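Undergrad: Pasting the sequence and the predicted model now:
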Amino acid sequence: MVIGKKLYRLHTVADSMEWARSHCKDAPDGSVFLADVVTSAHGRSKRPWLIQPGQLIVTILLKPSSTIFATPEDTAIRINQLSMALSLGILAPLKSYGVTFKWPNDFVSGTKKIGGMHMQLICHGTLPQSLILGFALNVNNTIDPENPLTAHATSLQSMTGHELDRRTLYKDIIEQLNHWYREWKHHNFADIYKQWRAEQSYLGTTLHIHNHDGIVITGKAQQVLPNGDLLLLDQEKKQKLISFYQVEEIASR
């Protein structure tokens with residue numbers, strides 16, 4: 001067991017990703033950072049996450065051997081493959097509730113979001129020194145029906161009609177994260193991609209992809225590629241390759 005062997009606890013923290021970053025030199029690989037209260041959480045592009053009691057918010061510091069990054073040129077694909085592996089670890093215990101994975105980094109029930117994950121890369125020179133994984137899941141929280149987010153998000157409690165044991169769910173996720181992190185460190189990239197591709201729930205559907213540059217691309221999701229990119233067939237029947245890092249937001253219909 002690597003992930004979770006070392007646990008840092010606080011009652012309250014402003015930003016758990018920054019908290020983990022402050023320990024990137026002294027904390028061991030797989031250290032977990034948990035706080036009873038997180039006052040500021042962010043996802044992709046620093047979009048704020050609605051923080052409510054009953055959520056599960058976990059931050060993990062990863063410090064894999066630099067030998068897995070053979071050259072600076074292949075670093076990007078190795079990071080994407082790590083993202084695939086970690087998303088599989090988070091998803092595994094959620095599947096029994098009907099949760100699926102939506103490219104590039106969301107966990108959903110139908111069209112409603114259950115949670116998401118976010119990774120930060122810390123480099124020393126040209127190669128990664130460490131990576132920080134943060135994920136947040138709506139477990140026992142309820143979203144006010146008057147909140148516009150209720151049309152786009154839900155929680156496991158709302159889906160099942162009963163409160164869940166967050167500690168058990170946390171332990172199950174940590175166990176699965178250890179499995180998939182080990183697969184990645186053993187260079188089982190083909191198996192990771194095969195399983196990750198099989199878990200994509202939005203393939204074959206029409207997506208509206210909002211890029212960082214403000215451009216919106218609409219088309220049918222055809223396939224996800226081994227490097228993590230999405231192959232899209234646009235409205236003019238032209239194939240477009242969408243990079244994981246281009247995406248600001250995805251909406252479906």
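TA: In hand now; what should we look at? Owing to the predicted nature of the structure, the values given are computational and were not obtained by experimental measurement.

Undergrad: just checking, what packs against the longest helix seen in the chain?
TA: When the chain is parsed with DSSP state H, its longest helix is helix 166-185. Helix 166-185 sits against strand 56-62, helix 75-91, helix 189-198, with contacts defined as 3 or more CB pairs under 8 Å, 6 or more residues apart in numbering; DSSP states H and E. Where C-beta positions appear, they are placed from N, C-alpha and C, glycine not excepted.

Undergrad: Show me the residue at the heart of this protein, geometrically.
TA: residue 117 (2.4 Å; CA atoms, centre = their mean).

Undergrad: Would you agree that residue is in contact with residue 133?
TA: Yes. The pair residue 117 / residue 133 is scored as a contact, 6.5 Å apart, by CB atoms under 8 Å.

Undergrad: got any residues that touch both of the two?
TA: Both residue 117 and residue 133 are contacted by residue 86, under the criterion CB atoms under 8 Å, 6 or more residues apart in numbering.

Undergrad: All the strands of the stretch 1-150 of the chain, residue numbers only.
TA: 7-13, 31-38, 56-62, 100-102, 106-109, 112-124, 127-137 (DSSP state E, counting those that start in this stretch).

Undergrad: Quick check: buried residues in stretch 227-239?
TA: Burial within stretch 227-239, assessed by neighbour count using 16 or more other CB atoms under 10 Å, is assigned to 227-232.

Undergrad: same question for stretch 242-253, mean pLDDT?
TA: For stretch 242-253, mean pLDDT is 66.

Undergrad: I meant to write stretch 154-171 there.
TA: Rounded mean pLDDT across stretch 154-171 is 96.

Undergrad: What is the end-to-end distance of it?
TA: 22 Å (CA to CA, to the nearest Å).

Undergrad: how about that stretch: buried residues?
TA: 154-159, 164, 169-170.

Undergrad: Just put the strands of the stretch 1-150 of the chain in CSV and tack on mean pLDDT and distance to residue 149.
TA: Shown next, in CSV, are the strands of the stretch 1-150 of the chain (pLDDT from 0 to 100; distance: least, CB to CB, whole Å):
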stretch, mean pLDDT, distance to residue 149
strand 7-13, 95, 23
strand 31-38, 93, 18
strand 56-62, 96, 17
strand 100-102, 94, 16
strand 106-109, 95, 14
strand 112-124, 88, 9
strand 127-137, 89, 13
